[in-house]
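Student: Quick one, fold the following:
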Amino acid sequence: MPIPIKFRLSLMMFLEFFVWGSWYVTMGTFLGTNLKAQDQDISLAFSTQSFGAIIAPFIVGLIADRYFQAQKILGVIHLLGALLMYMLYQAVDFGGFFPLILAYMILFMPTLALVNSISFNQMTNPEKEFSVIRVWGTIGWIAAGMLISYLAWDSQSGMGEGLLKNTWLMAAGVSVILGIYSFTLPATPPRAKSSGKFKLSEALGLDALSLLKHKNYAIFFISSILICIPLAFYYQNASPFLTEIGVENSTGKMALGQVSEVLFMLALPVFFSRFGLKKTLIIAMLAWALRYFLFAFGDAEAGVWMLLLGIILHGICYDFFFVSGQIYTDYHAGEKFKSSAQGLITLATYGVGMLIGFWAAGQISNHYLDLAGNHDWKSIWLIPAGISLLVLLFFITFFKPEKTILKP
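Tutor: Numbers count the residues shown, from 1 in each chain. From the prediction side, this is the model:
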């Protein structure tokens, strides 16, 4: 890949995940402190991500694979998203907040598939090239988290002054930049050809479901749904958990997870070549279980190292499962359904799996909440740890070694 193209795609990834990281990590804390939302409200807000992810394959399959260039759709979505982010900045209660975040996530989630599709369209060797591009998304997420902590928006004093709402304004500004920049990206034209007659399944991108005829891919797809149930506990509860137990500048500390993402993403091609896809995915699920055990037994004093190690394991958890899965999906999709196949795996992970996970996390967090407003975090974290181990056993049992581009 020419260096100028690599730079342009890397900047696209940086801005995409900077926008997301600007508000997503701190949303639970923001809702609890600024809008006085309850656990069930916070769970509902995070579930909007899942609704967006479920709709994403249909939007991407209908538009990006068949009718319009992906980079132009990306630009339009982020310009509209900037307006919604600004409106969220102005929200004063959860009743006004929720419909706005729902509309935003329905727009935003398809962009995760679009940036992958735009990148894969420029690659001839995705298993080696994609991680180098995708790592800049992680760096963007880190930059957003570090900036929030540097500005002390997430500190006890900053939250007391209501400064955490500025995360929405920052996301709006960067979204405008990305929206304009998207129109300059390399052209990614529709690849799938219509049969001439209108077919609902074709228009909605449902043809990508043919990937599930491959037994191994079907097992991977089911595992992706199941492993996202415990993942939702991390996204929804980690920031409130660290804040509640007294960890200062928690957003900056949680960015350590993305620092490890950078390192492990760059190491991903080595793991593919030495261990293959199955072992790489097994390592990811083991790391997931270990992370939650560390959270269950760590604390803000002598056990803070356990919390930090659990955060750092995010690199293995995310890269070895999700980035591997995106490359594996691209391999099985072939040329015809690159965008809608990425939308399909987005549906499985951020959609169905996390929708169940956010609901479960909300119910369980509320169950272990005492009258003084404190959570029994040990009991809460042991539940996703157990789920992760069960998913691991399912995957080991049914997924068979496969000769793909991920294993020479």
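
Student: now the spatially closest residue to Ala238 that is not a sequence neighbour: how far from Ala361?
Tutor: If the residues on either side of it in the chain are set aside, Ala238 comes closest to Met254, at 6.3 Å by Cβ to Cβ, 6 or more residues apart in numbering. C-beta here means a position set from N, CA and C on the backbone, and glycine is covered the same way. Distance of Met254 to Ala361, computed by Cβ to Cβ, to the nearest Å: 16 Å.

Student: What mean pLDDT does the helix or strand hosting Val135 get?
Tutor: Assigned by DSSP states H and E, Val135 belongs to helix 126-150. Averaged across helix 126-150, the pLDDT comes to 86.

Student: for it, packing partners?
Tutor: When contacts are defined as 3 or more Cβ pairs under 8 Å, 6 or more residues apart in numbering; DSSP states H and E, helix 126-150 sits against helix 3-21, helix 94-120, helix 166-182, helix 250-254, helix 256-297, helix 324-333.

Student: can you do 7 Å?
Tutor: Judged by 3 or more Cβ pairs under 7 Å, 6 or more residues apart in numbering; DSSP states H and E, the packing partners of helix 126-150 are helix 3-21, helix 94-120, helix 250-254, helix 256-297, helix 324-333.

Student: got these as a markdown table, with distance to Ile133 columns?
Tutor: Listed next are the helices and strands packed on helix 126-150 as a markdown table, based on distance: least, Cβ to Cβ, whole Å:
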| stretch | distance to Ile133 |
| --- | --- |
| helix 3-21 | 5 |
| helix 94-120 | 5 |
| helix 250-254 | 24 |
| helix 256-297 | 10 |
| helix 324-333 | 11 |
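
Student: Quick check: which of those is nearest to Phe46?
Tutor: Among the helices and strands packed on helix 126-150, the nearest to Phe46 by Cβ to Cβ is helix 94-120 (9.2 Å).

Student: next one: that closest one to chain centre, how far?
Tutor: 11 Å (Cα atoms, centre = their mean, to the nearest Å).

Student: Report the buried residues of that helix.
Tutor: 94, 97-98, 100-120 (16 or more other Cβ atoms under 10 Å).

Student: For the nearest residue to Phe97 once chain neighbours are set aside, give its distance to Phe51.
Tutor: In space, Phe97 comes closest to Ala91 once its chain neighbours are excluded; the distance is 4.1 Å by Cβ to Cβ, 6+ apart. Taking Cβ to Cβ as the measure, Ala91 falls 18 Å from Phe51.

Student: So these two - more neighbours on which side?
Tutor: Under the neighbour definition other Cβ atoms under 10 Å, Ala91 and Phe51 were set side by side, and Ala91 has more, 20 against 16.

Student: Tyr67 contacts Pro189, correct?
Tutor: No: counting by Cβ atoms under 7 Å, Tyr67 stays clear of Pro189, with 10.0 Å between them.

Student: quick revisit: burial count for the residue nearest to Ala238?
Tutor: Met254 - counted by other Cβ under 10 Å - has 27 other residues nearby.

Student: and what of Gln156?
Tutor: Gln156 has 12 nearby residues by other Cβ under 10 Å.

Student: now it, nearest residue through space, not along the chain?
Tutor: Here the residue nearest Gln156, using Cβ to Cβ, 6+ apart, is Glu248, at 7.3 Å.

Student: What of Ala348?
Tutor: In space, Ala348 is closest to Ser224, 4.5 Å off (Cβ to Cβ, 6+ apart).

Student: Thank you kindly, that will do.
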